[in-house]
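Kindly return the folded structure for what I paste below:
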Amino acid sequence: MSAFEQLSDRGVFSALDRHFARAMARLVGTASPEVLLGAALASRAVQHGHVCADLRRLHAEPLLDHEENAVEDVELPSTERWCDELAKSSLVGDGSRATPLVLDSERLYLFRYADYEKRLAKAIRSRLGGAVDLDAPTLLDSLARLFPDHDEQRQAAVVSALSRFTVISGGPGTGKTTTVLRLIALLQEQARTRKRFERIILVAPTGKAAQRLGESISASLEALKTDDDVKSSIPTSAATIHRTLGYQPRSPTRFRHDAQNPLPADVVIADEASMIDLALMSKLVEAAPPHARLVLLGDKDQLASVEAGAILGDIYGGAVGEGYSRDFVDRARRLTGDTLPVQSGNAAGIGDHCIHLVKSYRYEAALGVGVLARAINDGDVSAAFEALDADAVREVELAQIESSTNLEELLAPAIREHFAALGRGSPADRLRALDEFRILCSHRRGPFGVEAANAVVERRLAADGVLRVDREHYDGRPILITKNDYQLELFNGDVGVVVGDARRGFRAHFPGKDGNLRSIPPSRLPTHETVFAMTVHKSQGSELGRVLVLLPPVGSPLLTRELVYTAVTRAKHRAVIASRRDVLAEAIGRRVERASGLRDALMRP
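Okay, here's the model as predicted:
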């Protein structure tokens, strides 16, 4: 029995993977076992978030991850023989022409993803290097006024001012939005020396993220140390990437704006860039005009996109070491007087366009959530448990569970303390209570997943007489929007609460602009779900007062350092992790390593 048949029988390949591989074989009449296996793996890779199948490490995580024990005895072809057989097939090419599969070194791609990766790398490389026209006296004045402290935010502004492509990464509370607002003011002050203002577009991958970006800029605009005419030139609203590029329902993979019809912009700023997948990022970068500055904001250590790719991680992986090339540092010193760190031996390239903000203005350096987050991010299991076990620290805690742990008993204290407030008070009071606490799960299904947790909370609140769960939309039901509705201005990730009104019946209430609430009949809502608990993926970008992170009592490939870090850093004040110690330790030690060739492609000339 071939490896393809063995892996199919053991459930490694989905029906889609099997059908794709067999369709490829029928396309050419027959295919060798190596080609059939490669086609199925290339399909499977994309379904699991990888850009390609890396033939060198197929038994290692993450490509065969959760079936690892089931495939130990499956004999795969040697990498050399495998690549030779693939290269002989008419189904496989080098990417220069359209073939179903593309082999690049030892990475096997579906053609579409090889093309996306190639285009993205080319579009980014085209923005690297080259002189940027700047008025030095104005730049010095802007830096002194907008960034009075010689800190990393000023350094981010210097790097961005000198570049047409910049990635600003940083964890929660490191001031990414503050930095970019001041950067926009700096760029507008530069533009004013040329008798005009820049056309600036703000985008984000989700409607909720776009709304938060616009609100954050609006809230900070008045205190910005610049002229009123500059303030008036700064956009205070953002849109989803799909909407900005011009989503076309009849051809959903193609947008109105692309390389031939670029966006009408001089500056494009994309927030929550870690959530942007390869396909969408390639289209965004191509649609930004060649002369425009492109700034990506995000946290490179957070969970990657749900779809294929881990763009920020790949970009930072291509930046060799910490610091900048000598040429870039000399240019910064000539224009600004700033001394940037030099990376010995680092040639000019992608490294000159990346900066990572470290200082947190949200968490105290020696306490709780900040210490735990750093330990998790460093993969330091001992330090993580030291933070969790420290009795003097009340911000973080480990609630140990076992396989026999009753979920309702585990959640009961949190339900009584936090969710009881959803059954009383004004809509605004209930929304505030909801933002104060959330259960975050690694899985949607299973005994410790979102569906189980939501059912337990509903059942407990109903038994305690707090909520009357006798209909779909009951009084006090928290809801999460899962599909954008531009007409109602409700977006994927928006959270609201249903409140019964004696005069108007049941209404769903959501935060609106300027602190006002919006009220919508439940019958008009787009696709939504109950949200006492939500997946960590869905929580990305959220800021919550407290979180209970619920991990299953059995290890899983979904449990990774990035997932635990993302979950913990949603909390502003307190994070409790409910987990077995060994499961948590394993998760902190496991990194997400998505197969991709973008890192190498960015290093090519």
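
which stretches of the stretch 401-550 of the chain have low pLDDT?
Residues of the stretch 401-550 of the chain that meet the criterion pLDDT under 70 lie in 502-504, 513-515.

from memory residue 277 sits against residue 305, does it?
Yes: here residue 277 reaches residue 305: they are 3.9 Å apart, a contact under Cβ atoms under 8 Å. (C-beta placed from N, C-alpha, C; glycine too.)

who's more crowded, these two?
Counting neighbours by other Cβ atoms under 10 Å for residue 277 and for residue 305 shows that residue 305 has the greater number, 24 against 19.

Tell me how far the more buried one lies from residue 165.
19 Å (Cβ to Cβ, to the nearest Å).

Show me the common contact partners of residue 277 and residue 305, please.
Here residue 277 and residue 305 share the contacting residues residue 311, scored by Cβ atoms under 8 Å, 6 or more residues apart in numbering.

other SSEs contacting the longest helix along the chain?
Secondary structure of the chain per DSSP state H: the longest helix is helix 176-192. Other helices and strands packing on helix 176-192, by 3 or more Cβ pairs under 8 Å, 6 or more residues apart in numbering; DSSP states H and E, are helix 136-146, helix 152-161, strand 165-170, strand 200-204, helix 207-221, helix 228-232, strand 267-270, strand 293-298.

want to throw those into JSON lines with distance to residue 387 and mean pLDDT?
Below are those laid out as JSON lines (distance: least, Cβ to Cβ, whole Å; pLDDT from 0 to 100):
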{"stretch": "helix 136-146", "distance to residue 387": "35", "mean pLDDT": "90"}
{"stretch": "helix 152-161", "distance to residue 387": "24", "mean pLDDT": "88"}
{"stretch": "strand 165-170", "distance to residue 387": "21", "mean pLDDT": "91"}
{"stretch": "strand 200-204", "distance to residue 387": "31", "mean pLDDT": "94"}
{"stretch": "helix 207-221", "distance to residue 387": "28", "mean pLDDT": "86"}
{"stretch": "helix 228-232", "distance to residue 387": "42", "mean pLDDT": "92"}
{"stretch": "strand 267-270", "distance to residue 387": "33", "mean pLDDT": "95"}
{"stretch": "strand 293-298", "distance to residue 387": "25", "mean pLDDT": "94"}
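
can you redo the ones you listed as TSV with mean neighbour count?
As requested, those are exported to TSV (neighbours: other Cβ atoms under 10 Å):
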stretch	mean neighbour count
helix 136-146	16
helix 152-161	23
strand 165-170	25
strand 200-204	24
helix 207-221	20
helix 228-232	12
strand 267-270	26
strand 293-298	25
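
Reformat the ones you listed as TSV; add distance to residue 100.
What follows is these, written out as TSV (distance: least, Cβ to Cβ, whole Å):
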stretch	distance to residue 100
helix 136-146	51
helix 152-161	41
strand 165-170	32
strand 200-204	33
helix 207-221	35
helix 228-232	52
strand 267-270	31
strand 293-298	31
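
residues contacting residue 291?
Contact analysis of residue 291 by Cβ under 8 Å, 6+ apart lists 164, 266.

at 7 Å instead, please
Contacts for residue 291 (Cβ atoms under 7 Å, 6 or more residues apart in numbering) come out as none.

again with residue 257
245-246, 263, 287.

quick one: which of those residues has the most company?
Comparing the contacts of residue 257 by number of neighbours (other Cβ under 10 Å), residue 287 comes first, having 26 neighbours.

Let me see the backbone angles for that residue.
phi -80, psi -20 (degrees, to the nearest 10).

That one touches residue 246, doesn't it?
No: between residue 287 and residue 246 no contact is recorded; they are 8.9 Å apart, counting by Cβ atoms under 7 Å.

any residues in contact with both of these two?
Common neighbours of residue 287 and residue 246 (criterion: Cβ under 7 Å, 6+ apart): 255, 257.

Quick one, which of the helices and strands packed on helix 176-192 gets closest to residue 316.
Checking those against residue 316 by Cβ to Cβ gives strand 165-170 as the closest, at 6.9 Å.

now for the closest one, which elements pack on it?
If you count contacts as 3 or more Cβ pairs under 7 Å, 6 or more residues apart in numbering; DSSP states H and E, strand 165-170 packs onto helix 152-161, helix 176-192, strand 293-298, helix 311-318, strand 354-357.

Quick one, grab the pLDDT at residue 347.
On pLDDT, residue 347 comes in at 58.

can you check residue 563 too?
Residue 563 is assigned 92 on the pLDDT scale.

Could you report the distance from it to residue 442?
Residue 563 is 6 Å from residue 442, by Cβ to Cβ.

Same question for residue 36.
Using Cβ to Cβ, residue 36 is found at 34 Å from residue 442.

thinking again about what came up before, and which of the contacts of residue 257 is nearest residue 433?
Relative to residue 433, the closest of those is residue 245; by Cβ to Cβ it sits at 37.3 Å.

Neighbours of the closest residue to residue 483 other than its chain neighbours, how many?
Leaving aside its sequence neighbours, residue 483 sits nearest to residue 527 (Cβ to Cβ, 6 or more residues apart in numbering; 4.1 Å). Residue 527 is flanked by 11 other residues according to other Cβ under 10 Å.

And for the one 3 residues further on?
A count of nearby residues for residue 530, using other Cβ under 10 Å, gives 21.

ok, the closest residue to it other than its chain neighbours - contacts?
Nearest residue to residue 530, sequence neighbours excluded (Cβ to Cβ, 6+ apart): residue 454, at 4.8 Å. Residue 454 makes contact with 530, 532-533, according to Cβ under 7 Å, 6+ apart.

Repeat that for residue 47.
residue 14.

now swap in residue 588 and tell me
Contacts of residue 588 by Cβ under 7 Å, 6+ apart are 376, 379, 381, 384, 561, 564.

just to confirm, which helix or strand has it in it?
helix 581-589 (DSSP states H and E).

Let me see the mean pLDDT of the helix or strand just after that helix.
Using DSSP H and E, the helix or strand that follows helix 581-589 in sequence is helix 598-603. Across helix 598-603, the average pLDDT comes to 84.

So which residues of the stretch 351-500 of the chain form helices?
368-377, 381-389, 407-418, 427-436, 450-463 (DSSP state H, counting those that start in this stretch).

For residue 176, which of these is the nearest?
helix 368-377 (15.5 Å).

Now do the contacts for the closest residue to residue 40 other than its chain neighbours.
For residue 40, ignoring the flanking residues on the chain, the nearest one in space by Cβ to Cβ, 6+ apart is residue 21 at 4.0 Å. By Cβ under 7 Å, 6+ apart, the contact list for residue 21 reads 4, 36, 39-40, 43.

Can you tell me which of those residues has the largest number of neighbours?
residue 39 (29 neighbours).

Of the helices of the stretch 351-500 of the chain, flag the one that's most buried.
Counting by mean count of other Cβ atoms under 10 Å, helix 368-377 has the highest mean neighbour count of the helices of the stretch 351-500 of the chain, with a mean of 24.
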